[in-house]
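Student: Whatever this is, show me its structure:
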Amino acid sequence: MTVFPGNGTVPAAQPVSPPAQGFAPAHMNGKGHTGSRRSGPALVSRAGLLPWLPCCLATGIGIWFALPSAPTGWSWLLLTIAAVSGLIFRHSMILLATKGRIGWQLAETTRNCSFAISLIAAGVGLMGIRSAHVAAPVLGWRYYGPVEGMVVQIDRSTRDRIRLTLDQVVLQDISQKRTPRRVRLSLMDQAAVTLPALGERIRLTGHLGPPPGPASPHGFDFRWNAWFSGLGAVGYTRLPSVNLAPPEGGKWRMHRLRMAISAQMQQQIGGQKGAVAAALMTGDRSGILEATNQIMRGSNLYHIISISGLHMGMLAGFVYAAFRYAMVGLQAAGTGRSLPAHKIAAIFALLAAATYLWLSGGGVATERAFIMVAVMLGAILADRRAISLRTVALAATIILLLRPEALTSPGFQMSFAATVALILVYGLWSRIACHIPVWLRPFAMLVTSSLIAGMATAPIAAAHFNQMTHYGLLANLLVVPVMGTLVMPAGVIAALLAPFGLAGPALWIMGLGTEWMLFMAEWIAGLDGAVTAIIQPAPQVLSLLGAGAVLLVLCWRPWKTLRRLAAPLSGCVIGITMAAAAGFLWVRTERPMLLIASQGEAAGLMTPAGRALSKPAGGSFTARIWLRQDGDIATQEESAKRPGWSGDRKQRYAMLPGGWEVWHFTGKGSGAQAAAACLPMRIVIATERTGLKKRDQQCLLFDHYALRYSGSVAIDFKAGNPVVQTVSTVHRSPG
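Tutor: Below you'll find the model as predicted:
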């Protein structure tokens, strides 16, 4: 008999398969698992390799986004070699260990590392395939003229303007090969434009341009969102549209039915509470005003008005519980005792979730929520644990395979961070709950889950949205129970009674719930210190924080002996180090001294009092983003009044370190003025083209022509000399 460490005793002549659990087999017992404890670390151990699968794929996806340029033919060849070599090396480790040439522990570690390399390479390839699949022309110039297309989406912008997204676009005098597949236009005068129906083909006259780049280097790049949405141009229109063809096909009939349901809900419930109720049930958020969005953000309740895992889980949970109790009642009455009540309830809950997916319009966030719920309900049907790291890992893998770009979205990051955190504390809660009075348990569970989910998502929200809400826990405690017990059940009942014309009472109850939510949101958002502005972190902060948290969660083994703790402990140390480095970098973040908008319409100078804008009205959207990224709560008007700039309204100047000056010229004739002011030790900005050739420029010139290619600009000073960063040098363009 031959003894193999960690695998029990087996006959020497029989081939032995390596352990299958975990990247480091040292954490397993003789049966290949870690026992029956249900704490968070035990859940991690039982999950085995599966949680590492989406992590490795996500690493490859992140590498693809971080590359300075898209992979070329040689790069794809090297990636293919790496992926195939990893698989071959993984298999060869089994053969070497079986023949006794290397130990099983080394074989297992090398085997898993090889497989990880293959998965990372697959993640890079997956992202490249997805980008190529959605590739479509992007408008590279300003266009004004007729725009024809089919209406596929109607929503509302942050400026409360209705927007139309058109598909199958036709632009005058532009070949189809150069025409964007989709464009989006804001209605500047909504009263003059009759809203078309979804699926209707229209023609209008509009201004179009390429999707805008980041407001500043290292800022959020909308161009990638547009790329994966097939959006090749954005713009606006002031003129009414002409209807060319009615909607065709059953798909658009279903979409019109969804919009009709939304309109009926808004009409029957009324006001913003009706708009919120319609958004919760149909995904139509065009009726929600920006003022409502602001108070929801300020109270940390904005996640409620977007169809997410919370609503999908509430709806599926309500249907599951209702059908399971009904089945139990029937069985108690002597009917269907042999039927599995929990599986039948899971089937009906899955059907309800699928119906909700269709009713809500099937957006990316809703699809993600449906996949998570479907995986958990599928686990019930397969007699598996419905809530575990395995189900979460499976849901994440499916989402990354279908939409790998979702990795960079705050919704993906926050939903999985909250879910994993809740799963990890579930074991501790189950041991504590038995000591809490029965009547107090629901409230204690709500407090615990809200606190844990809030702590897990707070750093992600602060990094993406540059703000932190301080009363979010209180807001969720006051609103989420109403959502789960009143709003979502009433919505389900209303949907069931609507065909009979009896949905009125249920909609009235739903309106009461949304009215309570809006009332509490407005009250909490108005409290002193409800929101703190947070400076935008360096680009690598969120990646370090996420990777560190993943390593800490998956490598934590507090109950093992020192010998078996060595490998997991090293992973924990690395994870803690990465998280600490992320925090250090975030705290040490410094904002650029001078920011220049992509069209030269705005400039912002960092002063001891905060960023001072060269003019209050210039580039309002860009300037608002600058202030938010600075962690500054000042308005644009307040920022423009700060000391720093001098001169005429169209000819502003300010002093910079090292004797440098910055001059900002706007309006008609700004190009000629900027050309005359282009002297040594000056940074000159103009909204028009100066006509100066590169060899004739004595200054650091950013006119309309230069900014067209560079995008927004950030300038700092080191040793008295300017250090320039532009969007074109920092960000990779899609395509």
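
Student: In this protein, where's the longest strand?
Tutor: Among the segments of the chain that qualify as a strand by DSSP state E, the longest is strand 143-156.

Student: So what are the sheet partners of that one and their directions?
Tutor: Its sheet considered, strand 143-156 pairs with strand 162-171 (antiparallel), strand 201-209 (antiparallel) by DSSP bridges.

Student: Quick one, which of those strands gets closest to Pro146.
Tutor: Across the strands paired with strand 143-156, Pro146 has its closest neighbour in strand 201-209 (5.8 Å, C-beta to C-beta). Glycine gets a C-beta too; all of them are placed from N, C-alpha and C.

Student: Does anything pack onto the next helix or strand after the closest one? Which helices or strands?
Tutor: Per DSSP states H and E, the first helix or strand lying C-terminal to strand 201-209 is helix 222-228. If you count contacts as 3 or more C-beta pairs under 8 Å, 6 or more residues apart in numbering; DSSP states H and E, helix 222-228 packs onto helix 104-133, strand 231-237.

Student: Need the residues that contact helix 222-228.
Tutor: Helix 222-228 has contacts (C-beta atoms under 8 Å, 6 or more residues apart in numbering) with 130-131, 134, 138, 210-214, 231-232, 234, 403, 405, 408, 731, 733-735.

Student: List buried members of those residues by neighbour count.
Tutor: 130-131, 138, 210-214, 231-232, 234, 403, 405, 408, 731, 733-734 (16 or more other C-beta atoms under 10 Å).

Student: Thr59 and Ala349, how far apart?
Tutor: According to C-beta to C-beta, to the nearest Å, Thr59 stands 34 Å off from Ala349.

Student: So between these two, which is more surrounded?
Tutor: Ala349 (25 against 20; other C-beta atoms under 10 Å).

Student: Which residue lies nearest to that one in three dimensions, sequence-adjacent residues excluded?
Tutor: Distance criterion C-beta to C-beta, 6 or more residues apart in numbering; nearest residue to Ala349, sequence neighbours excluded, is Tyr320 at 3.9 Å.

Student: Domain map for this protein?
Tutor: Per the record, the chain has its domains at 2-133, 143-247, 277-533, 539-587, 594-730, by automatic domain parsing.

Student: Now distance to Thr635 and mean pLDDT too, for the strands paired with strand 143-156, in a markdown table please.
Tutor: Output for those, formatted as a markdown table (distance: least, C-beta to C-beta, whole Å; pLDDT from 0 to 100):
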| stretch | distance to Thr635 | mean pLDDT |
| --- | --- | --- |
| strand 162-171 | 25 | 92 |
| strand 201-209 | 27 | 92 |
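
Student: ok, how many other residues are close to the nearest residue in space to Pro734 that is not next to it in sequence?
Tutor: Excluding the flanking residues, the one nearest Pro734 by C-beta to C-beta, 6+ apart is Trp227, at 3.7 Å. Counted with other C-beta under 10 Å, residues neighbouring Trp227 total 21.

Student: for Pro404, same thing?
Tutor: For Pro404, the number of neighbouring residues by other C-beta under 10 Å comes to 25.

Student: Correct me if wrong: it contacts Met127.
Tutor: Yes - the pair Pro404 and Met127 passes the contact test of C-beta atoms under 8 Å, sitting 4.9 Å apart.

Student: what is in contact with these two at once?
Tutor: What both Pro404 and Met127 touch, as defined by C-beta under 8 Å, 6+ apart, is the set Ile61.

Student: For the stretch 451-600 of the chain, which segments are assigned as strands?
Tutor: Remark: strands assigned in the stretch 451-600 of the chain by DSSP state E, counting those that start in this stretch are 467-469, 531-533, 594-596.

Student: could you give me the average pLDDT of the next helix or strand after the last one?
Tutor: Looking back up the chat, that one is strand 594-596. Using DSSP H and E, the helix or strand that follows strand 594-596 towards the C-terminus is strand 603-607. For strand 603-607, mean pLDDT rounds to 93.

Student: Tell me the strands beside the following helix or strand past strand 603-607, with direction?
Tutor: As assigned by DSSP H and E, the chain's next helix or strand after strand 603-607 is strand 610-613. Strand pairing for strand 610-613, using DSSP bridges, gives strand 603-607 (antiparallel).

Student: Go through the strand it pairs with and flag the buried ones.
Tutor: Using 16+ other C-beta under 10 Å as the test for burial, strand 603-607 gives Ala603, Gly604, Leu605, Met606.

Student: same question, stretch 315-328
Tutor: Quick answer for stretch 315-328 (16+ other C-beta under 10 Å): Leu315, Ala316, Phe318, Val319, Tyr320, Ala322, Phe323, Arg324, Met327.

Student: Out of the buried residues of strand 603-607, the closest to His464 would be?
Tutor: The nearest member of the buried residues of strand 603-607 to His464, counting by C-beta to C-beta, is Gly604 at 21.1 Å.
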